[in-house]
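Participant: The following comprises the amino acid sequence and a computationally predicted model.
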Amino acid sequence: MSDFHSIDSRTHVRKYLYVFYSLMVLTVVTVSVSYVHLPFIAALIVALIIASIKAALVAGYFMHLISERKMIYALLVLTVVFFVALMFLPMLHHSDPGMVG
Amino acid sequence: MQIPYNAVERPDTGLYNAKLGIWLFLASEVMLFGALFSSLVLLRVNATTWPHGWEILNVPLATVNTIVLISSSVTMVMSWASLLEKNFAKFRRYLGGTILFAFVFLVIKAFEYGAKFEHGLLPSTSNFFATYFTMTGLHGLHVIGGIIVNIYLWGPGSKMWTTDPARFINRIEVAGLYWHFVDLVWIFLFPILYLL
């Protein structure tokens, strides 16, 4: 990131530490929730929401995605489209008449 | 022959070539792990019984490993920031920390695997253990790959700091992007395999 040099690096380091603390707190939260033994669907939703927040923090700040070039965003949009398609692929078997069970 | 745009950005993409390269590679990695997650969904949805991860896996150990891997990501980004401050000694301390955390992660994983093998729990035991060993094993291989690259950049590869510092900073950023991706995969693997 070429604009980094013009910005006080201590601000960045502080930001990385805040992200680190947030990731720690979210890890503790997700493990604590798992000890409650929620019904599966509720547990899945909670786990995925917390994991997505953690992933967004890592991608946004450590991988600098909050201030990245358009080319990277375009590449990631394409990746997300294919990833979502891949995730929904298993559902196709429900509409497959040849499938049993 | 001089490789173009390894330090300065290409005018058309706005990126140095290695950065576009690593993101293309990470996109392919998303599909690789995506295929495994998708297979896990298919297996789990259609299984008559599927154990809870917390019943048969070691959650406290995996929690420690999550903290270790997140810490390694922080030291990785700090090593890159240290180079921007032109502080090479600090860079080496932080990158050394990342390498150390990565080894700790692998040692804990080895203990976990060892305990499973001792109890006769193998990939052939059930679909649960097949997916557990496949996904954590592939992730572990990525950790090993990252360790090799980071050791090179910490040791012999760091000579570039004196000859071509701008390119070296970019190399650390690229290695960091890969390392953070390895952390990202674990962020999803941990709850899906262990906590559900």
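Facilitator: Everything's here; your move. Computed from a predicted model, the values in this text were never measured in an experiment.

Participant: what about the residue of chain B most remote from its centre, helix or strand, and which?
Facilitator: Using Cα atoms, centre = their mean, the residue of chain B lying farthest from its centre is B:Thr48. It sits 33.1 Å away. Assessed by DSSP states H and E, B:Thr48 sits outside every helix and strand.

Participant: List the contacts of it.
Facilitator: Counting by Cβ atoms under 8 Å, 6 or more residues apart in numbering or on different chains, B:Thr48 makes contact with nothing. (Glycine included, C-beta is placed from N, CA and C.)

Participant: which strands and helices sit next to the lowest-mean-pLDDT helix or strand in chain B?
Facilitator: Within chain B, confidence by mean pLDDT, DSSP states H and E is lowest for helix B:53-56 among all helices and strands, at a mean of 92. Of the remaining helices and strands, none touches helix B:53-56 by 3 or more Cβ pairs under 8 Å, 6 or more residues apart in numbering or on different chains; DSSP states H and E.

Participant: Can you read off the pLDDT for the residue farthest from the centre of chain B?
Facilitator: B:Thr48 is assigned 90 on the pLDDT scale.

Participant: before we move on, back to that, touching the least confident helix or strand of chain B from outside, list them.
Facilitator: For helix B:53-56, contacts defined as Cβ under 8 Å, 6+ apart pick out A:34, B:59, B:121, B:128, B:132, B:192-196.

Participant: As TSV, those residues with distance to B:Val68, neighbour count and pLDDT would be great.
Facilitator: Formatted as TSV, the contacts of helix B:53-56 follow (distance: Cβ to Cβ, whole Å; neighbours: other Cβ atoms under 10 Å in any protein chain shown; pLDDT from 0 to 100):
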residue	distance to B:Val68	neighbour count	pLDDT
A:Ser34	19	21	93
B:Val59	15	16	95
B:Leu121	23	18	96
B:Phe128	24	21	95
B:Tyr132	19	24	97
B:Ile192	19	20	95
B:Leu193	17	18	96
B:Tyr194	15	25	96
B:Leu195	17	24	94
B:Leu196	22	18	89
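
Participant: Switch the residues you listed over to TSV; also include distance to B:Met1 and secondary structure.
Facilitator: Conversion of those to TSV gives the following (distance: Cβ to Cβ, whole Å; DSSP: H, G, I helix; E, B strand; the rest coil):
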residue	distance to B:Met1	secondary structure
A:Ser34	54	helix
B:Val59	53	helix
B:Leu121	53	coil
B:Phe128	52	helix
B:Tyr132	47	helix
B:Ile192	46	helix
B:Leu193	46	helix
B:Tyr194	49	helix
B:Leu195	51	helix
B:Leu196	52	coil
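
Participant: Check these and tell me the two furthest apart.
Facilitator: Distance extremes for these: the farthest pair is A:Ser34 and B:Leu121 at 20.3 Å, using Cβ to Cβ.

Participant: Could you measure from B:Pro123 over to chain A?
Facilitator: Going from B:Pro123 to chain A by Cβ to the nearest Cβ, to the nearest Å gives 21 Å.

Participant: Check the gap between the nearest residue to that residue once chain neighbours are set aside and chain A for me.
Facilitator: Sequence neighbours aside, B:Phe133 is the residue nearest to B:Pro123 in space, at 4.3 Å (criterion: Cβ to Cβ, 6 or more residues apart in numbering or on different chains). As judged by Cβ to the nearest Cβ, B:Phe133 and chain A stand 20 Å apart.

Participant: Pull the contacting residues for B:Phe133.
Facilitator: Contacts of B:Phe133 were listed using Cβ under 8 Å, 6+ apart, and they are B:113, B:122-123.

Participant: Kindly report the same for A:Leu89.
Facilitator: B:38, B:42.

Participant: Can you check the pLDDT for it?
Facilitator: The score at A:Leu89 is 82. That number is its pLDDT.

Participant: measure it to A:Ser95 for me?
Facilitator: From A:Leu89 over to A:Ser95 the distance is 12 Å, taken as Cβ to Cβ, to the nearest Å.

Participant: Then A:Leu23?
Facilitator: According to Cβ to Cβ, A:Leu23 stands 40 Å off from A:Ser95.

Participant: any idea how far the helix or strand B:Gly137 falls within is from the chain center?
Facilitator: Assignment of secondary structure by DSSP H and E places B:Gly137 within helix B:127-154. Taking Cα atoms, centre = their mean, to the nearest Å, one finds helix B:127-154 lying 7 Å from the centre of the chain it belongs to.

Participant: Whichever helix or strand comes after that helix packs against which elements?
Facilitator: For helix B:127-154, the succeeding helix or strand toward the C-terminus, using DSSP H and E, is helix B:160-163. Other elements packing on helix B:160-163 under the criterion 3+ Cβ pairs under 8 Å, 6+ apart are helix B:165-189.
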